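Undergrad: Sharing a model prediction with you, sequence too.
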Amino acid sequence: MAKIKCVAVDDDLFMLAIIEDLVKQFPDLELVGSFHSSVEATTGITKQKPDLIFLDILMPGLNGLDVLDVMDIRPYVIVISGKKEIKESVLEHPQVVDFLEKPVETEVFQAAVDKCKQIIAG
């Protein structure tokens, strides 16, 4: 299987760095972009055309789901958020594969990535 191209999106720079570090632990993932605002994300995701987005939902400006809705491409999404009360509604979005609550543990991250890999592989 080819590497899964992914991007990370979070307005919290500390959390963004954590996500980047987690992605780098998995040789089958290739981080092709990292964005700390919804505006940057919309432009960068459209340009990079990733297979997978690690996405925060609650951000200034457009929220994470708004970012997905304004793009013409439809990558898979693993939502990473500190607001577990939004989990059920977020999981209803057709692109969302999984929801991870902050702080993210490596084992939980691995399980979400494995789930996405199975979906991509068909």
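TA: Received, thanks. In this text the structure is predicted, and so the values were computed from the model without any measurement.

Undergrad: Now residue 107. Its backbone dihedrals?
TA: In terms of degrees, to the nearest 10, the main-chain angles of residue 107 are phi -60, psi -40.

Undergrad: List the buried residues of the worst-scoring helix or strand of the chain on mean pLDDT.
TA: Taking mean pLDDT, DSSP states H and E as the measure, the chain has helix 64-70 as its least confident helix or strand, at a mean of 88. For helix 64-70, the neighbour count (16 or more other Cβ atoms under 10 Å) marks 64, 65, 67, 68 as buried. In short, each C-beta sits where N, CA and C put it, glycine included.

Undergrad: show me the contacts for the nearest residue to the second one once chain neighbours are set aside.
TA: Distance criterion Cβ to Cβ, 6 or more residues apart in numbering; nearest residue to residue 65, sequence neighbours excluded, is residue 93 at 5.9 Å. Taking Cβ atoms under 8 Å, 6 or more residues apart in numbering as the definition of contact, the neighbours of residue 93 are 65, 68, 77.

Undergrad: what kind of secondary structure is residue 93 in?
TA: coil (DSSP: H, G, I helix; E, B strand; the rest coil).

Undergrad: Give me the residue ranges of this protein where confidence is low.
TA: 1 (pLDDT under 70).

Undergrad: What about the residue nearest to the spatial centre of it? Give its phi and psi, please.
TA: For the chain, residue 54 is the residue whose C-alpha lies nearest the centre (Cα atoms, centre = their mean; 1.3 Å). Main-chain torsions, residue 54, degrees, to the nearest 10: phi -100, psi 110.

Undergrad: so residue 80 makes contact with residue 12?
TA: No - using Cβ atoms under 8 Å, residue 80 makes no contact with residue 12, being 10.1 Å away.

Undergrad: could I get the helix or strand harbouring residue 117 in CSV with only the CA atoms?
TA: Per DSSP states H and E: residue 117 is located in helix 106-121. The C-alpha coordinates for helix 106-121 follow below in CSV (Å, rounded to 0.1, in the frame of the first residue of the first chain):
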residue,chain,number,x,y,z
THR,A,106,-0.6,6.9,20.8
GLU,A,107,-2.6,3.7,21.0
VAL,A,108,-5.9,5.5,20.3
PHE,A,109,-4.3,7.3,17.5
GLN,A,110,-3.0,4.0,16.1
ALA,A,111,-6.4,2.5,16.2
ALA,A,112,-8.0,5.4,14.3
VAL,A,113,-5.2,5.3,11.7
ASP,A,114,-5.7,1.5,11.3
LYS,A,115,-9.5,2.0,10.9
CYS,A,116,-8.8,4.6,8.1
LYS,A,117,-6.3,2.3,6.4
GLN,A,118,-8.9,-0.4,6.2
ILE,A,119,-11.4,2.0,4.7
ILE,A,120,-8.9,3.2,2.1
ALA,A,121,-7.9,-0.3,1.2
